[in-house]
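Chemist: next come a sequence and a model predicted from it.
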Amino acid sequence: MSYATINPYTGAVVKRFLDATDAEVARTLDRAQAMFEMWKDVTIAERVKVLQNAANLLRKKHTDYAKILTLEMGKVIAEAEAEVELSAQIFEYYVENAEKLLAPEKLPSKHASYTQSWVEHVPQGILLAVEPWNFPYYQIVRIAAPQLAAGNVLILKHASNVPQCAAAFENLLREAGLPKGGFTNLYATRAQLNAIIEDPRVQGVALTGSEGAGAMVAAQAGQALKKSTMELGGADAFVVLADADLDKAVQWAVTGRHWNAGQVCCSSKRIIVVDAIYDVFLEKYKAGVAKLKAGDPMDPSTTLAPLSSQGAADDLKKQVEQAVAYGAKAEIIGAEVPSTGAFFRPLLLSDVSDDNPARRWEFFGPVSQVIRARDEADAIRIANDSPFGLGGSVFTKDIKHGIEVARKISTGMVYINHPTGVAADLPFGGIRRSGYGRELVGLGIKEFVNHKLIAVTDIDGAF
């Protein structure tokens, strides 16, 4: 699997890590199961003390945690600091809400045989989390915070280019008071991953990543009859209606497409603008992108990060070349970028016709499609003409009408006058090739619990 820290800004190999041994995997599973047998009987109030401690530690050492993000995947330091804070907020959301979310639900049964009936939300055991590199802490905490609060335990298989982030998160939870076995980072191989999924003690799999990885792991989980949740790719539509505040829409479009260097599943990848304002919008958008400054991600003045690796930059270049071969036009719209490091100069793809397959691809980096729509109805059609269904946004001054348009967009999330976003108290997830299941809030904490019915009757049995 070749786990290694390679600085995307310099290209230097900082540190390499050995793959887990089969014996290490076996010990991890044994320890996790033993921990679960204890942890499931700990009260929710006691469990969430660990989460609060973790939130406090993240804030106390926020700069240290942020620097590891920037070192391993190139995130600009301000965005790294924001990710650390968001992770702390997610921990605290479950500190404040887990007990209420997991409370038994009384059922209004009218059946004469039952005097009482209710559903309890019971932990099931070991969960496997397979997570990506683009938000190394946030992606972990989305599954770890709710499931630890629910009484489950986790094994993490993180992306191979963020091994120090993975180790830092395990150490964070240990320092916060989580006993050994409650959360374990493993530098697992693909073969070991399959063995973990097949182990009868493992009760579910949560994956965030590419369509290819999701299809493979979902198939393995299905073969083993294990529940899975999949948060996969996206090509979110950013719909700008004729009455939108143009300057506001442009500002959010530039941000929505280029935060985290455009390496976001819910990035505003397809900017769809109605014909009446298209030309003015495009001119302003190009000017906004041109102001982005690429450079050292540790420098607070940098606003455009390198991609996570040189391989990612090379793959994006090939993808653009393929789109052009199918008839698209590529135009550089970003300022110069450093000659070293995994940088990709922002560009615009235009003239991407309906029959160009690139119209339905996900470009994971600073590549923009600004698409002209004839009118509102055409904008909705274009927004829904996608194999993905993660998020989207609608820009308009008429909020009531914006909500009506949002309801016509076929995705898991739609924001009005804001790009698809993330927050501790909002659910996250999509449909179609963007995956299935939800993370965060009450939906997330109940994905991997047993919704156990208990029904009571005082009627004597008779045959």
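Modeler: Thanks, I have it.

Chemist: alpha carbons only: can I get stretch 271-288 in PDB?
Modeler: C-alpha atoms of stretch 271-288 as PDB (Å, rounded to 0.1, in the frame of the first residue of the first chain):
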ATOM      1  CA  ILE A 271     -21.500  26.500 -12.500                       C
ATOM      2  CA  ILE A 272     -24.800  26.900 -14.400                       C
ATOM      3  CA  VAL A 273     -25.800  30.400 -15.300                       C
ATOM      4  CA  VAL A 274     -28.900  31.600 -17.100                       C
ATOM      5  CA  ASP A 275     -28.300  33.300 -20.400                       C
ATOM      6  CA  ALA A 276     -29.500  36.700 -19.300                       C
ATOM      7  CA  ILE A 277     -26.600  37.200 -17.000                       C
ATOM      8  CA  TYR A 278     -24.100  34.600 -18.300                       C
ATOM      9  CA  ASP A 279     -21.600  37.000 -20.100                       C
ATOM     10  CA  VAL A 280     -21.400  39.400 -17.200                       C
ATOM     11  CA  PHE A 281     -21.000  36.600 -14.700                       C
ATOM     12  CA  LEU A 282     -18.300  34.900 -16.600                       C
ATOM     13  CA  GLU A 283     -16.200  38.000 -16.900                       C
ATOM     14  CA  LYS A 284     -16.500  38.600 -13.200                       C
ATOM     15  CA  TYR A 285     -15.800  35.000 -12.400                       C
ATOM     16  CA  LYS A 286     -12.600  34.900 -14.400                       C
ATOM     17  CA  ALA A 287     -11.400  38.100 -12.700                       C
ATOM     18  CA  GLY A 288     -12.100  36.500  -9.300                       C
END
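
Chemist: list the buried ones in that stretch?
Modeler: 271-274, 277-278, 281-282, 284-286, 288 (16 or more other C-beta atoms under 10 Å). Any C-beta I mention is one placed from the backbone N, CA and C, and that applies to glycine too.

Chemist: could the residues you listed go into CSV alongside distance to residue 311 and secondary structure?
Modeler: Formatted as CSV, the buried residues of stretch 271-288 follow (distance: C-beta to C-beta, whole Å; DSSP: H, G, I helix; E, B strand; the rest coil):
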residue, distance to residue 311, secondary structure
271, 27, strand
272, 30, strand
273, 33, strand
274, 38, strand
277, 38, helix
278, 35, helix
281, 34, helix
282, 31, helix
284, 34, helix
285, 29, helix
286, 28, helix
288, 29, helix
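
Chemist: burial of residue 189, as a residue count?
Modeler: Applying other C-beta atoms under 10 Å, we find 18 residues neighbouring residue 189.

Chemist: ah, wrong one, I meant residue 127
Modeler: 28.

Chemist: go on, residue 311?
Modeler: 12.

Chemist: how much space separates residue 180 from residue 30?
Modeler: Look at residue 180 and residue 30: by C-beta to C-beta, to the nearest Å, they are 11 Å apart.

Chemist: same deal with residue 390?
Modeler: Distance from residue 390 to residue 30, by C-beta to C-beta: 37 Å.

Chemist: which residue is the nearest non-sequential neighbour of the residue most central in space within the chain?
Modeler: For the chain, the residue lying nearest the average C-alpha position, counting by C-alpha atoms, centre = their mean, turns out to be residue 139 (5.4 Å). Sequence neighbours aside, residue 131 is the residue nearest to residue 139 in space, at 4.4 Å (criterion: C-beta to C-beta, 6 or more residues apart in numbering).

Chemist: buried sites along stretch 21-39?
Modeler: For stretch 21-39, by 16+ other C-beta under 10 Å, it's 24-25, 28-29, 31-33, 35-36, 39.
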